[in-house]
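Visitor: coords please:
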Amino acid sequence: MTHPLTVQDTLAAGPAALATEAGHTPVAVNAGSEHPEPDAGMSTVEYAVGTVVAAAFAAVLYRIVTGDSIVAGLTSLVQSALNTGF
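Guide: Got it, this is the predicted structure:
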């Protein structure tokens, strides 16, 4: 069993050693820069905002579709289709 890295070891070795110790692949770091590469995907906050917006949009569509004018229009369309003679 290996011992976990100490804070001094982590600071001296950098993020790649910490990731390797945790069993992950090393983190890509730009050469000559202290900042890692930017994320390519969405973060958890962006997923949460997207989910809230989608739920609000669904609620608006539900209110529109269940409104009296839409229900009356669909009822009249179905009745006229059923009463059409061949």
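Visitor: drop to CA atoms for contacts and neighbour counts, all remaining ones
Guide: Noted.
Visitor: any low-confidence regions in the protein?
Guide: Scanning the chain for pLDDT under 70 picks out the ranges 1-42, 86.
Visitor: Tell me which stretches of it form helices.
Guide: Assigned by DSSP state H, the helices in the chain fall at 7-13, 15-21, 44-65, 68-82.
Visitor: just those helices: most buried one?
Guide: Each of these was scored by mean neighbour count; the highest is helix 15-21, a mean of 16, by mean count of other CA atoms under 10 Å.
Visitor: Apart from its chain neighbours, what residue comes closest to residue 70?
Guide: Distance criterion CA to CA, 6 or more residues apart in numbering; nearest residue to residue 70, sequence neighbours excluded, is residue 64 at 7.3 Å.
Visitor: if I look at the one you found, how far off is residue 58?
Guide: 10 Å (CA to CA, to the nearest Å).
Visitor: Equivalent analysis for residue 65, please.
Guide: Distance of residue 65 to residue 58, given as CA to CA: 10 Å.
Visitor: Contacts for stretch 53-68 next, please.
Guide: Outside stretch 53-68, the residues that touch it by CA atoms under 8 Å, 6 or more residues apart in numbering are 70, 71.
Visitor: CA atoms only: put that stretch into PDB for me.
Guide: Only the C-alpha atoms of stretch 53-68 are listed here, as PDB (Å, rounded to 0.1, in the frame of the first residue of the first chain):
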ATOM      1  CA  VAL A  53     -35.400  27.000 -18.900                       C
ATOM      2  CA  ALA A  54     -36.600  23.700 -20.500                       C
ATOM      3  CA  ALA A  55     -39.100  23.200 -17.600                       C
ATOM      4  CA  ALA A  56     -40.400  26.800 -18.000                       C
ATOM      5  CA  PHE A  57     -40.700  26.400 -21.700                       C
ATOM      6  CA  ALA A  58     -42.700  23.200 -21.200                       C
ATOM      7  CA  ALA A  59     -45.000  24.900 -18.700                       C
ATOM      8  CA  VAL A  60     -45.700  27.700 -21.200                       C
ATOM      9  CA  LEU A  61     -46.400  25.200 -24.000                       C
ATOM     10  CA  TYR A  62     -48.700  23.300 -21.700                       C
ATOM     11  CA  ARG A  63     -50.700  26.400 -20.800                       C
ATOM     12  CA  ILE A  64     -51.000  27.300 -24.500                       C
ATOM     13  CA  VAL A  65     -52.100  23.800 -25.600                       C
ATOM     14  CA  THR A  66     -54.600  23.400 -22.700                       C
ATOM     15  CA  GLY A  67     -56.100  26.900 -23.200                       C
ATOM     16  CA  ASP A  68     -59.800  27.100 -24.300                       C
END
